[in-house]
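# Need a 3D model of the following:
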Amino acid sequence: MSKIIFVCHGSICRSPAAEMIFKMLCSEHEVISRALTFEEIGNDIYPPMKKELDRRGIPYARHYAEYLKPSDVEWADYIFYMDIENRYMLVRRYGELDKFQPIFRYTNSVTEIEDPWYTGNYKKVVEQITTCIKDIIKNI
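Numbers count the residues shown, from 1 in each chain. Coordinates of the predicted model:
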């Protein structure tokens, strides 16, 4: 059983969506999501992302955004990030670690998961995350 963390900027859109999608598709691993900034700590999944998860029948529970701590990094086997900015923040804080991987590492059709907070494209983001999660499950 692997221990997996999905990270994004605030952990109210992409990383909790990835956590919930992963949990829906696979129960063989421990999965959590974390934020790389403090601004959304304690907040739930952003309502437009909840709406997209609902539309697709993806179950979720009340989410409290939490900041990625050194103990989380130590705990995890894999830490999947969404975009190059996330990678930069991880490496700046913790150094270059093999466990830091892009969520799209095993997916040829996706090169970055855009932040829907800025683009409003929740449908595209959930589709891309789902594709990436399926490929992660096949490969770990």
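
# buried residues in stretch 110-128?
Across stretch 110-128, burial judged by 16 or more other CB atoms under 10 Å covers 110, 113, 115-117, 122, 125-126, 128. For every residue, glycine as well, the C-beta is placed using N, CA and C.

# Give me the helix or strand of the chain that scores worst on average pLDDT.
With mean pLDDT, DSSP states H and E as the measure, the helix or strand of the chain carrying the lowest mean pLDDT is helix 116-119 (a mean of 96).

# and that one, what does it pack onto?
Identification of packing neighbours for helix 116-119 by 3 or more CB pairs under 8 Å, 6 or more residues apart in numbering; DSSP states H and E yields helix 122-139.

# List the contacts of the helix it packs on.
With contacts defined as CB atoms under 8 Å, 6 or more residues apart in numbering, helix 122-139 is touched by 13-14, 17-18, 21-22, 25-26, 48-49, 51-53, 56, 58, 80, 103-107, 109-110, 113-114, 116.

# From those residues, list just the buried residues.
Neighbour counting by 16+ other CB under 10 Å classes 13-14, 17-18, 21-22, 49, 52-53, 58, 80, 103-104, 106-107, 110, 113, 116 among those as buried.

# And the residue nearest the centre of this structure?
Nearest residue to the geometric centre of the chain (CA atoms, centre = their mean): residue 15, 2.6 Å.

# and that one, what is it in contact with?
6-8, 33-35, 82.
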